[in-house]
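J.: Give me a model of this one.
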Amino acid sequence: MRSIRNAPKRPINLSLNAKVLDMAKEMGMNISQTVDALLTEEVLKQHWARWQQDNAQAITDYNARIEREGLFSDRYRTFMRPPADRDAA
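T.: A predicted model of the protein is given here:
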């Protein structure tokens, strides 16, 4: 996914809870920056949740193949072998 955190800004009209908005202003919060940060995080969260859902079958198939066939590098991963196998190598 392209970087979205440093994209250019665009003005929009936004309706917010008036009391919350007043309190945020009293606290000196930057409303635009806060909303932008929270919206960015939510968009990323939903993007990756959708990606996982869209790719669930491929991930399941890949994991099943690895379970069945193992990884190419398994024979070189001596730290994963049981102690008896390490001594014989």
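
J.: in what helix or strand does residue 29 lie?
T.: Using DSSP states H and E, residue 29 maps to neither a helix nor a strand.

J.: For it, grab the count of nearby residues.
T.: Neighbours of residue 29 under the rule other C-beta atoms under 10 Å: 13. Just so you know, the C-beta spots here come from the backbone N, C-alpha and C atoms, and that holds for glycine as well.

J.: measure it to residue 35 for me?
T.: Residue 29 is 10 Å from residue 35, where distance means C-beta to C-beta, to the nearest Å.

J.: check contacts around residue 77.
T.: For residue 77, the contacting residues are residue 71, by C-beta atoms under 8 Å, 6 or more residues apart in numbering.

J.: Quick check, pLDDT for it.
T.: On the pLDDT scale, residue 77 is placed at 71.

J.: can you give me phi and psi for it?
T.: For residue 77, the backbone dihedrals (degrees, to the nearest 10) come out as phi -90, psi 80.

J.: separation between the residue most central in space within the chain and residue 55?
T.: Nearest to the geometric centre of the chain sits residue 48, at 5.4 Å (C-alpha atoms, centre = their mean). For residue 48, the distance to residue 55 (C-beta to C-beta) stands at 10 Å.

J.: again with residue 75
T.: In terms of C-beta to C-beta, residue 75 sits 29 Å off from residue 55.

J.: and if you look at residue 31?
T.: Relative to residue 55, and taking C-beta to C-beta, residue 31 is found at 36 Å.

J.: How is the protein partitioned into domains?
T.: Domain assignment for the chain, taken from automatic domain parsing, gives 17-54, 57-89.

J.: mean confidence for stretch 29-41?
T.: The predicted model assigns stretch 29-41 a mean pLDDT of 96.
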